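Trainee: only the shape, not the letters, is given here:
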(Lines give C-alpha, C1' and ligand atoms only; values in the text may rest on other atoms or scores of the structure.)
Protein backbone atom coordinates (compact mmCIF):
# COMPACT_ATOMS: atom_id res chain seq x y z
CA UNK A 1 0.00 0.00 0.00
CA UNK A 2 1.40 3.40 -1.00
CA UNK A 3 1.70 6.38 1.33
CA UNK A 4 -1.17 8.11 -0.45
CA UNK A 5 -3.34 4.97 -0.22
CA UNK A 6 -2.88 5.02 3.56
CA UNK A 7 -3.67 8.75 3.70
CA UNK A 8 -6.81 8.46 1.58
CA UNK A 9 -8.07 5.33 3.39
CA UNK A 10 -7.68 7.19 6.69
CA UNK A 11 -9.56 10.18 5.34
CA UNK A 12 -12.37 8.00 4.03
CA UNK A 13 -12.77 6.44 7.48
CA UNK A 14 -13.10 9.97 8.90
CA UNK A 15 -15.85 10.91 6.46
CA UNK A 16 -13.75 13.11 4.15
CA UNK A 17 -15.48 13.62 0.80
CA UNK A 18 -13.19 15.96 -1.13
CA UNK A 19 -9.56 17.02 -1.37
CA UNK A 20 -8.06 20.41 -2.19
CA UNK A 21 -4.97 20.23 -4.38
CA UNK A 22 -3.34 23.56 -3.44
CA UNK A 23 -0.51 25.37 -5.21
CA UNK A 24 1.06 28.52 -3.72
CA UNK A 25 1.23 31.20 -6.41
CA UNK A 26 3.72 34.05 -6.81
CA UNK A 27 1.83 36.12 -4.21
CA UNK A 28 1.39 33.40 -1.58
CA UNK A 29 -2.30 32.83 -2.25
CA UNK A 30 -3.68 29.33 -2.72
CA UNK A 31 -4.60 28.38 -6.29
CA UNK A 32 -6.70 25.27 -5.87
CA UNK A 33 -8.64 22.51 -7.56
CA UNK A 34 -11.07 20.45 -5.49
CA UNK A 35 -11.53 16.78 -6.39
CA UNK A 36 -13.71 14.01 -4.92
CA UNK A 37 -11.79 11.78 -2.54
CA UNK A 38 -12.36 8.74 -4.76
CA UNK A 39 -10.52 10.51 -7.61
CA UNK A 40 -7.65 11.80 -5.49
CA UNK A 41 -5.57 8.62 -5.66
CA UNK A 42 -5.23 8.73 -9.44
CA UNK A 43 -4.31 12.41 -9.41
CA UNK A 44 -1.77 11.92 -6.63
CA UNK A 45 -0.09 9.21 -8.71
CA UNK A 46 -0.33 10.68 -12.22
CA UNK A 47 -0.65 14.42 -11.52
CA UNK A 48 -3.60 16.81 -11.69
CA UNK A 49 -3.87 18.92 -14.83
CA UNK A 50 -3.39 22.63 -14.07
CA UNK A 51 -2.87 25.68 -16.29
CA UNK A 52 0.91 26.17 -16.30
CA UNK A 53 0.78 29.97 -16.16
CA UNK A 54 -1.22 30.05 -12.92
CA UNK A 55 1.83 30.52 -10.74
CA UNK A 56 2.92 33.68 -12.60
CA UNK A 57 -0.40 35.50 -12.90
CA UNK A 58 -0.20 39.00 -11.49
CA UNK A 59 -2.17 40.34 -8.52
CA UNK A 60 -5.24 40.87 -10.73
CA UNK A 61 -4.74 37.42 -12.29
CA UNK A 62 -3.67 38.97 -15.58
CA UNK A 63 -1.71 36.80 -18.00
CA UNK A 64 1.62 38.65 -18.12
CA UNK A 65 3.63 38.67 -21.38
CA UNK A 66 7.20 37.56 -20.91
CA UNK A 67 6.58 35.68 -17.66
CA UNK A 68 7.85 32.42 -19.27
CA UNK A 69 4.87 30.16 -18.62
CA UNK A 70 2.32 31.62 -21.00
CA UNK A 71 2.82 32.44 -24.71
CA UNK A 72 6.34 31.01 -24.51
CA UNK A 73 4.91 27.51 -23.95
CA UNK A 74 1.71 27.92 -25.97
CA UNK A 75 -0.30 28.52 -22.78
CA UNK A 76 0.28 24.87 -21.96
CA UNK A 77 -0.79 22.83 -18.97
CA UNK A 78 1.28 21.52 -16.09
CA UNK A 79 0.65 18.74 -13.59
CA UNK A 80 0.28 19.17 -9.83
CA UNK A 81 1.93 16.50 -7.68
CA UNK A 82 1.01 16.60 -3.98
CA UNK A 83 3.55 16.48 -1.16
CA UNK A 84 2.32 13.74 1.22
CA UNK A 85 3.94 15.49 4.20
CA UNK A 86 1.35 18.29 3.83
CA UNK A 87 -1.69 15.99 4.04
CA UNK A 88 -4.20 17.43 6.51
CA UNK A 89 -7.92 17.62 7.20
CA UNK A 90 -9.19 21.21 6.92
CA UNK A 91 -10.97 21.81 10.25
CA UNK A 92 -12.96 24.84 9.04
CA UNK A 93 -14.25 23.08 5.89
CA UNK A 94 -16.49 20.09 6.68
CA UNK A 95 -15.66 16.92 4.77
CA UNK A 96 -12.54 18.47 3.22
CA UNK A 97 -8.82 17.67 3.31
CA UNK A 98 -5.89 19.33 1.57
CA UNK A 99 -2.54 18.61 -0.06
CA UNK A 100 0.05 21.27 -0.97
CA UNK A 101 1.44 20.56 -4.43
CA UNK A 102 4.47 21.09 -6.64
CA UNK A 103 4.17 21.64 -10.39
CA UNK A 104 5.83 19.88 -13.30
CA UNK A 105 5.46 20.14 -17.06
CA UNK A 106 4.23 17.06 -18.87
CA UNK A 107 7.84 16.17 -19.73
CA UNK A 108 8.67 15.99 -16.02
CA UNK A 109 10.56 19.27 -15.73
CA UNK A 110 9.89 21.39 -12.64
CA UNK A 111 8.36 24.84 -12.99
CA UNK A 112 11.35 26.49 -11.36
CA UNK A 113 9.62 29.83 -10.84
CA UNK A 114 6.96 28.36 -8.54
CA UNK A 115 7.49 29.49 -4.93
CA UNK A 116 7.97 26.03 -3.42
CA UNK A 117 10.58 25.22 -6.07
CA UNK A 118 12.39 28.49 -5.30
CA UNK A 119 12.44 27.74 -1.57
CA UNK A 120 13.49 24.13 -2.14
CA UNK A 121 16.47 25.29 -4.21
CA UNK A 122 17.74 27.38 -1.28
CA UNK A 123 16.84 24.68 1.25
CA UNK A 124 19.02 22.20 -0.63
CA UNK A 125 21.87 24.70 -0.42
CA UNK A 126 21.38 24.87 3.35
CA UNK A 127 21.41 21.09 3.59
CA UNK A 128 24.61 20.89 1.54
CA UNK A 129 26.22 23.18 4.14
CA UNK A 130 24.96 20.99 6.98
CA UNK A 131 22.14 23.30 8.13
CA UNK A 132 18.39 23.09 8.58
CA UNK A 133 16.52 26.42 8.86
CA UNK A 134 13.94 26.97 11.55
CA UNK A 135 11.48 29.66 10.44
CA UNK A 136 8.64 31.46 12.17
CA UNK A 137 6.37 34.20 10.80
CA UNK A 138 4.48 36.86 12.79
CA UNK A 139 1.58 38.10 10.67
CA UNK A 140 -0.43 41.24 11.37
CA UNK A 141 -3.79 41.67 9.62
CA UNK A 142 -6.99 43.69 9.65
CA UNK A 143 -10.38 42.10 10.32
CA UNK A 144 -13.09 44.09 8.55
CA UNK A 145 -16.85 44.01 8.05
CA UNK A 146 -17.29 41.71 5.07
CA UNK A 147 -20.01 43.84 3.47
CA UNK A 148 -18.89 47.41 4.15
CA UNK A 149 -15.14 46.69 4.52
CA UNK A 150 -15.12 49.06 7.47
CA UNK A 151 -13.01 48.53 10.59
CA UNK A 152 -14.78 46.92 13.53
CA UNK A 153 -13.49 49.50 16.01
CA UNK A 154 -11.23 52.55 16.02
CA UNK A 155 -8.39 53.87 18.13
CA UNK A 156 -5.00 52.64 19.29
CA UNK A 157 -5.28 50.28 22.22
CA UNK A 158 -2.84 47.41 21.74
CA UNK A 159 -3.31 44.37 24.03
CA UNK A 160 -6.64 45.63 25.43
CA UNK A 161 -8.51 42.61 26.79
CA UNK A 162 -11.88 43.57 25.28
CA UNK A 163 -10.48 44.30 21.85
CA UNK A 164 -8.27 41.21 21.93
CA UNK A 165 -11.46 39.14 21.87
CA UNK A 166 -13.78 41.54 20.06
CA UNK A 167 -15.38 38.85 17.89
CA UNK A 168 -15.60 35.04 18.26
CA UNK A 169 -13.73 34.67 14.95
CA UNK A 170 -10.46 35.28 16.81
CA UNK A 171 -11.20 32.30 19.07
CA UNK A 172 -12.18 30.21 16.05
CA UNK A 173 -8.82 30.88 14.43
CA UNK A 174 -6.98 30.00 17.63
CA UNK A 175 -9.02 26.84 18.22
CA UNK A 176 -9.00 25.46 14.66
CA UNK A 177 -5.45 26.12 13.53
CA UNK A 178 -3.81 23.43 15.71
CA UNK A 179 -5.98 20.80 14.02
CA UNK A 180 -4.20 21.50 10.72
CA UNK A 181 -0.75 21.57 12.30
CA UNK A 182 -0.44 25.30 13.05
CA UNK A 183 -0.03 25.56 16.82
CA UNK A 184 -0.92 29.02 18.09
CA UNK A 185 1.44 30.76 20.54
CA UNK A 186 -0.21 34.13 21.20
CA UNK A 187 -3.05 36.34 19.96
CA UNK A 188 -3.70 40.03 20.54
CA UNK A 189 -5.13 43.15 18.95
CA UNK A 190 -2.43 45.30 17.37
CA UNK A 191 -1.85 49.05 17.36
CA UNK A 192 -4.57 50.09 14.92
CA UNK A 193 -8.28 49.64 15.39
CA UNK A 194 -9.44 46.26 14.04
CA UNK A 195 -5.88 45.00 13.55
CA UNK A 196 -4.66 41.73 15.08
CA UNK A 197 -1.51 39.66 15.39
CA UNK A 198 -1.76 35.90 15.90
CA UNK A 199 1.51 33.97 16.20
CA UNK A 200 2.26 30.28 15.78
CA UNK A 201 5.16 27.89 16.29
CA UNK A 202 8.04 27.87 13.80
CA UNK A 203 8.76 25.00 11.43
CA UNK A 204 11.85 23.20 10.21
CA UNK A 205 12.77 23.18 6.53
CA UNK A 206 9.81 23.38 4.13
CA UNK A 207 7.42 23.11 7.07
CA UNK A 208 8.20 26.75 7.98
CA UNK A 209 6.72 28.41 4.88
CA UNK A 210 4.08 25.67 4.55
CA UNK A 211 2.75 26.62 7.99
CA UNK A 212 2.71 30.32 7.10
CA UNK A 213 0.90 29.59 3.82
CA UNK A 214 -1.67 27.48 5.66
CA UNK A 215 -2.21 30.08 8.37
CA UNK A 216 -2.60 33.07 6.07
CA UNK A 217 -5.06 31.44 3.69
CA UNK A 218 -6.90 29.75 6.55
CA UNK A 219 -7.44 33.03 8.42
CA UNK A 220 -9.02 34.52 5.30
CA UNK A 221 -11.33 31.51 4.88
CA UNK A 222 -12.43 31.42 8.52
CA UNK A 223 -13.11 35.16 8.51
CA UNK A 224 -15.13 34.88 5.28
CA UNK A 225 -17.29 32.14 6.82
CA UNK A 226 -18.09 34.48 9.72
CA UNK A 227 -19.00 37.44 7.50
CA UNK A 228 -15.69 39.28 7.84
CA UNK A 229 -12.83 40.16 5.53
CA UNK A 230 -9.34 39.38 6.81
CA UNK A 231 -6.87 41.50 4.88
CA UNK A 232 -3.09 41.15 4.90
CA UNK A 233 -2.73 44.21 2.65
CA UNK A 234 0.32 46.03 3.97
CA UNK A 235 -1.08 49.55 4.35
CA UNK A 236 -4.83 49.65 3.73
CA UNK A 237 -5.52 52.95 5.52
CA UNK A 238 -3.68 56.26 5.60
CA UNK A 239 -2.97 57.33 9.15
CA UNK A 240 -3.30 53.80 10.54
CA UNK A 241 -0.72 51.11 11.23
CA UNK A 242 0.64 49.00 8.43
CA UNK A 243 0.66 45.21 8.65
CA UNK A 244 4.05 43.55 8.73
CA UNK A 245 5.31 40.01 9.09
CA UNK A 246 8.50 39.69 11.10
CA UNK A 247 10.36 36.56 10.01
CA UNK A 248 12.40 34.77 12.66
CA UNK A 249 15.07 32.36 11.43
CA UNK A 250 17.74 30.26 13.04
CA UNK A 251 20.01 27.55 11.67
CA UNK A 252 20.13 24.09 13.19
CA UNK A 253 22.80 21.48 12.69
CA UNK A 254 21.08 19.14 10.23
CA UNK A 255 22.23 16.04 12.09
CA UNK A 256 22.06 17.03 15.77
CA UNK A 257 19.30 19.66 15.69
CA UNK A 258 21.40 22.06 17.76
CA UNK A 259 21.23 25.79 17.05
CA UNK A 260 24.50 26.83 15.40
CA UNK A 261 23.80 30.58 15.66
CA UNK A 262 24.10 30.95 19.42
CA UNK A 263 27.14 31.96 21.47
CA UNK A 264 26.21 33.31 24.88
CA UNK A 265 29.73 34.70 25.37
CA UNK A 266 29.46 37.08 22.41
CA UNK A 267 28.13 40.63 23.08
CA UNK A 268 25.36 40.06 20.53
CA UNK A 269 24.79 36.46 21.59
CA UNK A 270 25.79 35.15 18.16
CA UNK A 271 28.29 32.56 16.98
CA UNK A 272 30.46 33.00 13.89
CA UNK A 273 27.69 31.40 11.81
CA UNK A 274 25.13 33.77 13.32
CA UNK A 275 27.28 36.81 12.59
CA UNK A 276 27.91 35.64 9.04
CA UNK A 277 24.19 35.06 8.52
CA UNK A 278 23.36 38.57 9.74
CA UNK A 279 26.10 40.04 7.54
CA UNK A 280 24.68 38.24 4.50
CA UNK A 281 21.20 39.68 5.05
CA UNK A 282 22.65 43.17 5.34
CA UNK A 283 24.88 42.73 2.28
CA UNK A 284 21.95 41.63 0.10
CA UNK A 285 19.24 43.77 1.74
CA UNK A 286 18.59 45.88 -1.36
CA UNK A 287 18.67 42.90 -3.72
CA UNK A 288 16.08 40.87 -1.78
CA UNK A 289 13.79 43.77 -0.83
CA UNK A 290 11.47 43.08 -3.78
CA UNK A 291 10.72 39.64 -2.27
CA UNK A 292 10.17 40.90 1.27
CA UNK A 293 7.98 43.87 0.24
CA UNK A 294 6.58 42.80 -3.15
CA UNK A 295 3.95 45.43 -4.04
CA UNK A 296 3.56 49.16 -4.58
CA UNK A 297 1.65 49.37 -1.31
CA UNK A 298 4.26 47.62 0.86
CA UNK A 299 6.60 50.58 1.28
CA UNK A 300 3.80 52.82 2.58
CA UNK A 301 4.59 51.08 5.91
CA UNK A 302 8.27 52.08 5.78
CA UNK A 303 8.74 55.03 8.15
CA UNK A 304 10.52 55.85 11.40
CA UNK A 305 8.99 55.44 14.87
CA UNK A 306 6.61 52.70 13.68
CA UNK A 307 8.86 49.68 14.36
CA UNK A 308 9.26 49.29 10.60
CA UNK A 309 12.91 49.53 9.46
CA UNK A 310 13.97 52.27 7.07
CA UNK A 311 17.68 51.54 6.73
CA UNK A 312 20.13 48.64 6.45
CA UNK A 313 20.94 47.98 10.08
CA UNK A 314 21.08 45.42 12.85
CA UNK A 315 21.22 45.33 16.61
CA UNK A 316 20.50 43.40 19.77
CA UNK A 317 16.78 43.72 20.59
CA UNK A 318 16.52 46.84 18.38
CA UNK A 319 12.96 47.00 17.05
CA UNK A 320 13.88 49.77 14.63
CA UNK A 321 16.62 47.76 12.89
CA UNK A 322 16.27 45.68 9.73
CA UNK A 323 17.75 42.68 11.56
CA UNK A 324 16.94 42.35 15.24
CA UNK A 325 19.04 39.88 17.22
CA UNK A 326 16.96 37.75 19.59
CA UNK A 327 19.75 36.38 21.79
CA UNK A 328 17.46 34.25 23.91
CA UNK A 329 20.19 31.65 24.53
CA UNK A 330 20.70 28.15 23.21
CA UNK A 331 18.19 26.91 20.65
CA UNK A 332 16.01 30.02 21.13
CA UNK A 333 18.62 32.42 19.67
CA UNK A 334 17.56 33.69 16.24
CA UNK A 335 17.59 36.60 13.84
CA UNK A 336 14.38 38.54 13.21
CA UNK A 337 14.11 40.27 9.83
CA UNK A 338 11.61 43.08 10.40
CA UNK A 339 11.05 44.55 6.94
CA UNK A 340 8.74 41.90 5.37
CA UNK A 341 5.17 43.02 4.86
CA UNK A 342 2.15 40.89 5.71
CA UNK A 343 1.43 40.64 1.99
CA UNK A 344 4.74 38.86 1.29
CA UNK A 345 4.93 35.27 0.05
CA UNK A 346 6.44 33.16 2.88
CA UNK A 347 8.25 30.82 0.47
CA UNK A 348 9.91 33.66 -1.44
CA UNK A 349 10.66 35.84 1.59
CA UNK A 350 11.98 32.83 3.47
CA UNK A 351 14.14 31.83 0.51
CA UNK A 352 15.50 35.38 0.24
CA UNK A 353 16.53 35.62 3.90
CA UNK A 354 17.95 32.09 3.95
CA UNK A 355 19.93 32.51 0.72
CA UNK A 356 21.38 35.86 1.78
CA UNK A 357 22.34 34.56 5.22
CA UNK A 358 23.96 31.39 3.87
CA UNK A 359 25.97 33.49 1.42
CA UNK A 360 27.24 35.56 4.32
CA UNK A 361 28.42 32.43 6.10
CA UNK A 362 29.95 30.91 2.98
CA UNK A 363 31.91 34.06 2.13
CA UNK A 364 32.97 34.71 5.70
CA UNK A 365 31.29 38.13 5.83
CA UNK A 366 31.31 40.18 9.01
CA UNK A 367 28.54 42.65 9.87
CA UNK A 368 29.25 46.34 10.50
CA UNK A 369 28.97 47.66 14.06
CA UNK A 370 25.48 47.09 15.49
CA UNK A 371 23.22 49.76 16.87
CA UNK A 372 23.96 50.75 20.46
CA UNK A 373 21.70 50.71 23.50
CA UNK A 374 19.89 54.01 23.72
CA UNK A 375 20.53 54.85 20.07
CA UNK A 376 18.08 52.98 17.80
CA UNK A 377 19.29 52.17 14.31
CA UNK A 378 16.61 54.33 12.71
CA UNK A 379 18.22 57.42 14.27
CA UNK A 380 21.57 56.79 12.56
CA UNK A 381 21.63 59.04 9.50
CA UNK A 382 24.87 57.51 8.23
CA UNK A 383 23.24 54.18 7.35
CA UNK A 384 22.09 53.34 3.82
CA UNK A 385 18.34 53.60 3.30
CA UNK A 386 16.23 50.67 2.14
CA UNK A 387 14.56 51.07 -1.27
CA UNK A 388 11.82 53.70 -1.17
CA UNK A 389 9.77 52.28 -4.06
CA UNK A 390 9.01 48.95 -5.70
CA UNK A 391 10.65 50.17 -8.90
CA UNK A 392 13.89 50.87 -7.06
CA UNK A 393 13.76 47.47 -5.35
CA UNK A 394 13.23 45.70 -8.68
CA UNK A 395 16.21 47.53 -10.16
CA UNK A 396 18.37 46.25 -7.30
CA UNK A 397 17.00 42.73 -7.79
CA UNK A 398 17.71 42.81 -11.53
CA UNK A 399 21.23 44.17 -11.04
CA UNK A 400 22.10 41.51 -8.47
CA UNK A 401 24.24 38.70 -9.87
CA UNK A 402 23.51 36.78 -6.70
CA UNK A 403 19.74 36.77 -7.33
CA UNK A 404 20.04 34.38 -10.28
CA UNK A 405 22.50 32.24 -8.32
CA UNK A 406 20.25 32.13 -5.28
CA UNK A 407 16.85 31.62 -6.92
CA UNK A 408 17.52 30.62 -10.55
CA UNK A 409 17.35 32.74 -13.69
CA UNK A 410 13.90 31.36 -14.53
CA UNK A 411 12.40 32.78 -11.37
CA UNK A 412 14.32 36.03 -11.65
CA UNK A 413 13.00 36.67 -15.17
CA UNK A 414 9.42 35.73 -14.26
CA UNK A 415 9.30 37.91 -11.16
CA UNK A 416 10.65 40.98 -12.95
CA UNK A 417 8.13 40.56 -15.77
CA UNK A 418 5.15 40.21 -13.42
CA UNK A 419 6.04 43.02 -11.01
CA UNK A 420 6.94 45.52 -13.72
CA UNK A 421 3.72 44.69 -15.53
CA UNK A 422 1.84 45.56 -12.32
CA UNK A 423 3.74 48.84 -12.08
CA UNK A 424 2.69 49.60 -15.65
CA UNK A 425 -0.96 48.87 -14.90
CA UNK A 426 -0.83 51.17 -11.90
CA UNK A 427 0.71 54.00 -13.89
CA UNK A 428 -1.85 53.61 -16.68
CA UNK A 429 -4.92 53.35 -14.48
CA UNK A 430 -3.96 55.99 -11.92
CA UNK A 431 -2.24 58.23 -14.45
CA UNK A 432 0.46 58.51 -11.85
CA UNK A 433 4.06 57.53 -11.31
CA UNK A 434 4.15 55.16 -8.32
CA UNK A 435 7.61 56.46 -7.45
CA UNK A 436 6.27 59.99 -7.00
CA UNK A 437 3.36 59.22 -4.67
CA UNK A 438 3.52 60.24 -1.02
CA UNK A 439 4.20 57.39 1.38
CA UNK A 440 0.82 57.70 3.13
CA UNK A 441 -1.27 58.39 0.03
CA UNK A 442 -3.19 55.11 -0.43
CA UNK A 443 -4.68 55.04 -3.93
CA UNK A 444 -8.02 53.51 -4.88
CA UNK A 445 -6.07 51.26 -7.26
CA UNK A 446 -4.15 49.73 -4.35
CA UNK A 447 -7.30 49.17 -2.30
CA UNK A 448 -9.09 47.50 -5.21
CA UNK A 449 -6.02 45.42 -6.04
CA UNK A 450 -4.99 44.11 -2.62
CA UNK A 451 -7.60 44.58 0.12
CA UNK A 452 -9.90 41.61 -0.55
CA UNK A 453 -7.74 38.95 -2.23
CA UNK A 454 -4.67 39.50 -0.10
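Mentor: Perfect, thanks for sending it. On a predicted model such as this, the values are computed, not experimentally measured, just so you know.

Trainee: residue 375: neighbour count?
Mentor: Counted by other Cβ atoms under 10 Å, the residues lying close to residue 375 total 12. In short, each C-beta sits where N, CA and C put it, glycine included.

Trainee: go on, residue 324?
Mentor: Residue 324: 25 surrounding residues under other Cβ under 10 Å.

Trainee: isn't there a strand covering it?
Mentor: Yes: residue assignment for residue 324, taken from DSSP: H, G, I helix; E, B strand; the rest coil, places it within a strand.

Trainee: that one bridge partners, please.
Mentor: Judged by DSSP bridges, the bridge partners of residue 324 are residue 315, residue 336.

Trainee: and residue 259, by the same measure?
Mentor: Listed beta-bridge partners, residue 259: residue 252 (assigned using DSSP bridges).

Trainee: so it sits against residue 269, correct?
Mentor: No: assessed by Cβ atoms under 8 Å, residue 259 is found out of contact with residue 269, at 11.0 Å.

Trainee: wait, isn't residue 117 in contact with residue 102?
Mentor: Yes: taking Cβ under 8 Å as the definition, residue 117 is a contact partner of residue 102 at 6.7 Å.

Trainee: common neighbours of residue 259 and residue 269, please.
Mentor: Here residue 259 and residue 269 have residue 333 as joint contacts, going by Cβ atoms under 8 Å, 6 or more residues apart in numbering.

Trainee: quick one: residues contacting residue 53.
Mentor: Contacts of residue 53 (Cβ under 8 Å, 6+ apart): 63, 67, 69-70, 75.

Trainee: report the separation between it and residue 67.
Mentor: 7 Å (Cβ to Cβ, to the nearest Å).

Trainee: try residue 201
Mentor: Distance from residue 201 to residue 67, by Cβ to Cβ: 35 Å.

Trainee: of the two, who's got more company?
Mentor: Neighbour comparison, residue 201 and residue 67: the larger count goes to residue 67, with 24 against 15 (by other Cβ under 10 Å).

Trainee: tell me which element that one is part of?
Mentor: Counting by DSSP states H and E, residue 67 is held by no secondary-structure element, helix or strand.

Trainee: how close does residue 286 sit to residue 311?
Mentor: Distance, residue 286 to residue 311, by Cβ to Cβ: 11 Å.

Trainee: overlap in contacts of these two?
Mentor: 384, 386.

Trainee: low-confidence ranges in the protein?
Mentor: Along the chain, the parts satisfying pLDDT under 70 run over 1, 374, 431-440.

Trainee: where along it do the helices fall?
Mentor: Using DSSP state H, the helices of the chain run over 3-13, 37-46, 115-128, 161-164, 168-176, 207-225, 272-283, 285-292, 346-362, 390-399, 401-407, 409-430, 444-450.

Trainee: so how far is residue 249 from the most centrally placed residue in the chain?
Mentor: With distances taken as Cα atoms, centre = their mean, residue 346 lies nearest the centre of the chain, 2.2 Å away. Separation of residue 346 from residue 249 (Cβ to Cβ) stands at 11 Å.

Trainee: also residue 287?
Mentor: Where residue 249 is concerned, residue 287 sits at a distance of 17 Å (Cβ to Cβ).

Trainee: same deal with residue 412?
Mentor: Distance of residue 412 to residue 249, computed by Cβ to Cβ: 22 Å.

Trainee: same check on residue 357?
Mentor: For residue 357, the distance to residue 249 equals 7 Å [Cβ to Cβ].

Trainee: okay, the two: which has more neighbours?
Mentor: More crowded of residue 357 and residue 249, by other Cβ under 10 Å: residue 357, with 32 against 22.

Trainee: contacts only, for the closest residue to the more buried one other than its chain neighbours.
Mentor: Closest residue to residue 357 apart from its sequence neighbours, by Cβ to Cβ, 6 or more residues apart in numbering: residue 277 at 3.6 Å. Contacts here follow Cβ under 8 Å, 6+ apart; on that basis residue 277 touches 251, 261, 335, 357-358, 360-361.

Trainee: in the residues you listed, which residue is surrounded by the most others?
Mentor: Neighbour counts for these peak at residue 357, which has 32 neighbours (criterion: other Cβ under 10 Å).

Trainee: could you pull up the residues touching that residue?
Mentor: Contacts for residue 357 (Cβ under 8 Å, 6+ apart) come out as 249, 251, 276-278, 280-281, 335.

Trainee: do residue 139 as well
Mentor: 197-199, 212, 215-216, 219, 232, 243, 245, 342.

Trainee: now do residue 62
Mentor: Here residue 62 is in contact with 421, 425 (criterion: Cβ under 8 Å, 6+ apart).

Trainee: same check, this time on residue 33
Mentor: Under the criterion of Cβ under 8 Å, 6+ apart, the neighbours of residue 33 are 20-21, 48, 50, 80.

Trainee: can you list those residues in a markdown table and add distance to residue 12?
Mentor: Shown next, in a markdown table, are the contacts of residue 33 (distance: Cβ to Cβ, whole Å):
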| residue | distance to residue 12 |
| --- | --- |
| 20 | 16 |
| 21 | 17 |
| 48 | 19 |
| 50 | 24 |
| 80 | 21 |
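
Trainee: could you identify the most distant pair in those?
Mentor: 20 and 50 (12.6 Å; Cβ to Cβ).
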